[in-house]
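Engineer: let me see the structure of the following:
(one chain, ligands or ions: 1)
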Amino acid sequence: MNKLYPEVKVAPPGPNAQAIIAMDQRHSSPSYIKEYPLVVERGEGAWVHDVDGNRYLDFMAGIGVASTGHSHPAVVKAIHDAADRFLHICGTDFYYDSFSQLCARLASYLPEMGPKRVFLTNSGTEAVEGALKLARHHTRRQYVVAFKGGFHGRTIGAISLNSSKVAQRAFFGPLLPGVIHIPYANPYRCANGCEPYTCGDACNPALALEREWFVNHVDPREVAAIFVEPILGEGGYVVPPAGFLQHLRRICDAHGILLVFDEVQSGIGRTGRMFAAEHFKVMPDILLSAKGIASGMPLGAIIARESVMTWPRGSHGSTYGGNPVCCAAALATLDVVEGLLDSVLATGEVLQRGLRALQSRFPVIGDVRGVGLMVGAEFVAPETREPAGAYVAVLEQLAFRKGLLLLSCGKSTIRFAPPLVVGRHEVDVMLGILEQCLRELPLPATASPQAAVAGVKL
Ligand code: PLP
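Structural biologist: All right, here's what the predicted structure looks like:
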């Protein structure tokens, strides 16, 4: 196959895009973010075409969702075949093959967790919400622990766990009571202010839970669950030190608390393993999946130890969750993703090497981190190492206008989360465009990032 490159023939937004954006801005909810004026007509693999004939290289996969690439033929065929048979019957009340097959398939991953049961949802936030209910129901306890910088979705339970952007919580209260937020273990930005990578496990924030929270504030016998992203997603693509999750596991075992891994972003092959838990050799009691699970069809899953998913008939359900078309898409997606895991690891290494090479020449890149194709580059003011969100905002826009789709996360990180089908060619193209963008950034070391980018023409 010919190697593809981005092609921007009409400066976006072109006339067709502008018409659609105008209609959208008139009628859609003002709460939508709309990062940049990309108006999609179709996609194929890692490539996205807009309505004015431009072609973009996608390194954000629709926020980590297009795992198999855009419109993978095997997934599209599975969707067609399923839609031809029936669109809906309700998996909560009746049976069909793809629903049962998918539950069995998801229960087969992470054998170290032992026998499992699966509840299917329509989204990540519903999986989080269901897990909150399951954890309370199973333990008969009320408190939950979550992490600063964490993101778990947009429903009331999920935003009660969130602690990444205040706008997601502002004026939606009262939120769920009984949520304890502790710092996430971030080796680059230790909560205790240690220099990067010097504190190791000594500053493990999980210690604060046992030394302070469980001594002064909350009896651990009242704590139902710890909700944690094994790799922080929206909070900045942070990979915790090895001991962090193991420590959380020990705390949970000591106090009968359930460990819940929110793998909505890190799961389904994104890190080169089906689930990130495998890298850390720590097994949760409940694992949550969504995003890449069905290549873009709305589906999520609560995967729990059989001994934990004990809620009785009628206690939880969903009209659409595990819709037959979505289940078919998920089964086809898992077939494709299982075949990509090794290449995700290898391509991820090439990606990180390339980003580190840029880091050595552009001191605004403070940290490069990640696993597989879940990679982040944190941008900083070179003198102070303070997060430089202004650079990230401008880089996103510059890259878009050169045909590269990027997305930020956290305060000042660009995430690189392409479809899992990308190879060396796409990584090289991405790095080339990123370098051009970095060259266009005015980077006087002394100016504030905001002042520096003020004059950039988009
Ligand atoms: N959990 C994590 C870790 C996520 O990254 C997200 C979405 O970004 C969610 C939950 C919410 O998923 P959804 O948007 O499908 O509700």
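Engineer: nearest residue to the residue in the stretch 351-458 of the chain that the ligand sits nearest to in space, please, no chain neighbours.
Structural biologist: Here the stretch 351-458 of the chain gets closest to the ligand at one residue, Cys409, 9.0 Å apart by CB to the nearest ligand atom. The way it works is simple: take the backbone N, C-alpha and C, and place the C-beta from them, glycine included. Leaving out its chain neighbours, the residue that sits closest to Cys409 by CB to CB, 6 or more residues apart in numbering is Arg415, at 4.7 Å.
Engineer: which bits of this structure sit near the ligand?
Structural biologist: Within the chain, the residues that sit near the ligand (CB under 6 Å from any ligand atom) are 63, 123-125, 128, 151-153, 229, 233-234, 262, 264-265, 290.
Engineer: which parts of the stretch 301-450 of the chain are strands?
Structural biologist: Using DSSP state E, counting those that start in this stretch, the strands of the stretch 301-450 of the chain run over 365-371, 374-379, 404-405, 407-409, 413-416.
Engineer: just the stretch 101-250 of the chain next, same as before
Structural biologist: Using DSSP E, counting those that start in this stretch, the strands of the stretch 101-250 of the chain run over 116-121, 143-147, 179-182, 223-228.
Engineer: what comes into contact with the second one?
Structural biologist: By CB atoms under 8 Å, 6 or more residues apart in numbering, the surrounding residues in contact with strand 143-147 are 132, 135, 152, 161-163, 178-184, 209, 213, 218, 222-229, 232, 235, 257.
Engineer: and the last one, by the same measure?
Structural biologist: Applying CB under 8 Å, 6+ apart, the set of residues contacting strand 223-228 from outside is 128, 131-132, 135-136, 138-139, 141-147, 150, 152, 161, 180, 184, 245, 248, 251-252, 255, 257-262, 285-286.
Engineer: try the third one
Structural biologist: Strand 179-182 is touched from outside by 143-148, 150, 160-161, 163, 205-206, 208-209, 213, 217-218, 223, with contacts defined as CB under 8 Å, 6+ apart.
Engineer: please apply the same query to the first one.
Structural biologist: For strand 116-121, the surrounding residues in contact (CB under 8 Å, 6+ apart) are 91, 99, 102-103, 106-107, 110, 127, 130, 134, 290, 299-306, 309, 316, 318, 321-322, 327.
Engineer: please redo it, this time with the cut-off set to 6 Å
Structural biologist: Here strand 116-121 makes contact (CB atoms under 6 Å, 6 or more residues apart in numbering) with 103, 106-107, 127, 130, 300-306, 309, 321-322.
Engineer: now do the contacts for the residue nearest in space to the middle of the chain.
Structural biologist: Centroid-nearest residue in the chain, with CA atoms, centre = their mean: Gln265, separated by 2.7 Å. With contact set as CB under 6 Å, 6+ apart, Gln265 has these partners: 64, 233, 291.
Engineer: in JSON lines: those residues, plus pLDDT and neighbour count.
Structural biologist: Formatted as JSON lines, the contacts of Gln265 follow (pLDDT from 0 to 100; neighbours: other CB atoms under 10 Å):
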{"residue": "Gly64", "pLDDT": "97", "neighbour count": "27"}
{"residue": "Gly233", "pLDDT": "97", "neighbour count": "30"}
{"residue": "Lys291", "pLDDT": "98", "neighbour count": "27"}
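Engineer: what is the nearest of those to Leu334?
Structural biologist: If you rank the contacts of Gln265 by distance to Leu334 using CB to CB, Lys291 comes first, at 13.3 Å.
Engineer: and the residue of the chain closest to the ligand?
Structural biologist: Nearest residue of the chain to the ligand, counting by CB to the nearest ligand atom: Gly124, 2.2 Å away.
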